[in-house]
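> mind looking at a prediction? Sequence and model below.
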Protein chains: 2
Amino acid sequence: MPKIVNHEEKKEQIAAATWRVVLRDGMKGATVRSIAKEADISLGALRHYFSTQDELLAYAMQLVRERANARIQDILGEDLPPKTMVRRILFELVPLNEDTRAEMDVWLAYVFSLGRKADSLGVQQDMYSGIRKVIEYLEHRRLLREDLDKELTAETLYSLVDGLAMHAFLEPRRLTKERIAAVLTSYLDSICIDE
Amino acid sequence: MPKIVNHEEKKEQIAAATWRVVLRDGMKGATVRSIAKEADISLGALRHYFSTQDELLAYAMQLVRERANARIQDILGEDLPPKTMVRRILFELVPLNEDTRAEMDVWLAYVFSLGRKADSLGVQQDMYSGIRKVIEYLEHRRLLREDLDKELTAETLYSLVDGLAMHAFLEPRRLTKERIAAVLTSYLDSICIDE
DNA sequence: ATTTTTATAATACGGTTGTGCTGAAAAGGA
DNA sequence: TCCTTTTCAGCACAACCGTATTATAAAAAT
């Protein structure tokens, strides 16, 4: 056997380089050459790990999803008051620090570059059902106002979260993280029973 | 003087071809060549109206904005009950028919392809202030619940509108227009005084 | 009819793209 | 030591990109 190199680790390094390039130059600048340069490897080496550009981008972007999922799973493992836990989870889906902001920006640039393919590729498919579960969790803990339509509330919260992420991308100077947090908190309060 | 050709009209035809290309192939496929082909003109003819690609795209996308603005101005000119007028305006900002959906999809693909330039270019500048005015209009007509923070409410509504547009783009099969209308209507009701 | 200006077409050019191909270097197993 | 397999580098190629240049056609103005 040849030189030992952790395949998965190397692929993640390349994915990280991909993120940096997308953040710096947008999806248009995310060429295989510039990514290889950013990762400080040759074009041939890059192609050894990803045989096509689509494969590379799909991997790099799926990794973004997995990271976000992992963070949410961590929060679910903690022992927190229900409403605090819900707020913490929602705060992970919205750009409140430089890391999550970078993740969101990369993700948004990618999904919108897919054009009409985004639907069939099923990007962000389990997001709505995830938000749905959050709402049901609130109801189960008797924290949700009882006059609300659960489906509509979930859809509203879901749109609110991604709308905030979108505006944080397009207008980062106007939409500060404090403002994002305030919007999300106030909406959460508005659908919860006040006590 | 030479052959008479309505300059502005021709540019709008080319812009329309640009929209079709972006919808079909995404921003990546929006090359000057494919746009010229879609508009059924030569590359040289295209270049006679737009000397650079950026200029063409900027024109085509600003036209999208102007169309939306014009539709809203039309509604403002009508004589409608205040809440109906507000709902009608919000419905123009969200993809509820094939035309507005196409407009939104093209617009979203464009602004996200700009990457970090979007902020400095000030795309969708006056959107927030526009929503702000809608909220103030509701308050002035004594329709807005008085316990609400106006700024936060405007920011929430703004994010909700664009979040819905975004999801209509990414998940058109799940998020039907009926559902979009229901979400927007229910949120509008929730911030208005019930009577 | 001739001039002049615009509209359009055709072609060219330098650069970049994704991807394929070849071969060498490296390193564990025999 | 030799062999096999992985890792990686480099180059090549065809296609496409945005833009520039040039030439032709058309039509209003003189």
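Cool, the structure landed. Residues are numbered from 1 along each chain as shown, chains lettered A, B, ... in the order given.

> specify the local secondary structure of the closest residue to A:Gly26 other than its chain neighbours.
In this structure, A:Gly26 finds its nearest non-sequential neighbour in B:Gly115, 3.1 Å apart by C-beta to C-beta, 6 or more residues apart in numbering or on different chains. Placement of C-beta: from N, CA and C, glycine included. On the three-state scheme (DSSP: H, G, I helix; E, B strand; the rest coil), B:Gly115 is labelled coil.

> now do the helix or strand harbouring A:Glu151 and helix B:150-170, the angle between them.
In this structure, A:Glu151 is located in helix A:150-170 according to DSSP states H and E. Here helix A:150-170 runs at an angle of 100 degrees relative to helix B:150-170 (axes from the mean of the first three to the mean of the last three C-alpha atoms, to 10 degrees).

> ok, the residue nearest to A:Gly26 to DNA strand D distance?
Applying C-beta to the nearest atom of the strand, to the nearest Å, the value for B:Gly115 to DNA strand D is 16 Å.

> what sits against that residue?
Contact analysis of B:Gly115 by C-beta atoms under 8 Å, 6 or more residues apart in numbering or on different chains lists A:25-28, A:109.

> all helices of chain A, in order?
A:7-25, A:32-38, A:43-49, A:53-77, A:82-92, A:98-113, A:117-121, A:127-140, A:150-170, A:177-191 (DSSP state H).

> ranking those by mean pLDDT, which is last?
Among those, helix A:117-121 has the lowest mean pLDDT, at a mean of 87.

> wait, does it contact chain B?
Yes - contact of helix A:117-121 with chain B (C-beta under 8 Å from any C-beta of the partner chain) involves A:117-119.

> which of the residues you listed ranks first by neighbour count?
The residue in the residues of helix A:117-121 next to chain B with the most neighbours, by other C-beta atoms under 10 Å in any protein chain shown, is A:Ala118 (19 neighbours).

> related to what we said a few turns ago, in CSV, list the helices of chain A along with distance to B:Arg142.
Listed next are those as CSV, based on distance: least, C-beta to C-beta, whole Å:
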stretch, distance to B:Arg142
helix A:7-25, 47
helix A:32-38, 57
helix A:43-49, 63
helix A:53-77, 42
helix A:82-92, 33
helix A:98-113, 38
helix A:117-121, 43
helix A:127-140, 32
helix A:150-170, 25
helix A:177-191, 20
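
> give me the contact list for stretch A:62-69.
Residues contacting stretch A:62-69 (C-beta under 8 Å, 6+ apart): A:12, A:15, A:19, A:92-93, A:100, A:103, A:106-107, A:124.

> the residues you listed also near chain B: which ones?
The subset of these within reach of chain B, by C-beta under 8 Å from any C-beta, is A:Gln124.

> and the contacts of stretch A:62-69, which are buried?
Buried members of the contacts of stretch A:62-69, counted by 16 or more other C-beta atoms under 10 Å in any protein chain shown: A:15, A:19, A:92-93, A:100, A:103, A:106-107, A:124.

> if we can go back for a sec, any buried residues in the helix holding A:Glu151, and which?
A:152-170.

> near DNA strand C, list only the ones from the residues of helix A:117-121 next to chain B.
Among these, proximity to DNA strand C is found for none (C-beta under 7 Å from any atom of the strand).

> hang on, the earlier thing: A:Val86 versus the residue nearest to A:Gly26, what's the distance?
B:Gly115 sits 32 Å away from A:Val86, going by C-beta to C-beta, to the nearest Å.

> for A:Leu43, same thing?
In this view, A:Leu43 and A:Val86 are 46 Å apart by C-beta to C-beta.
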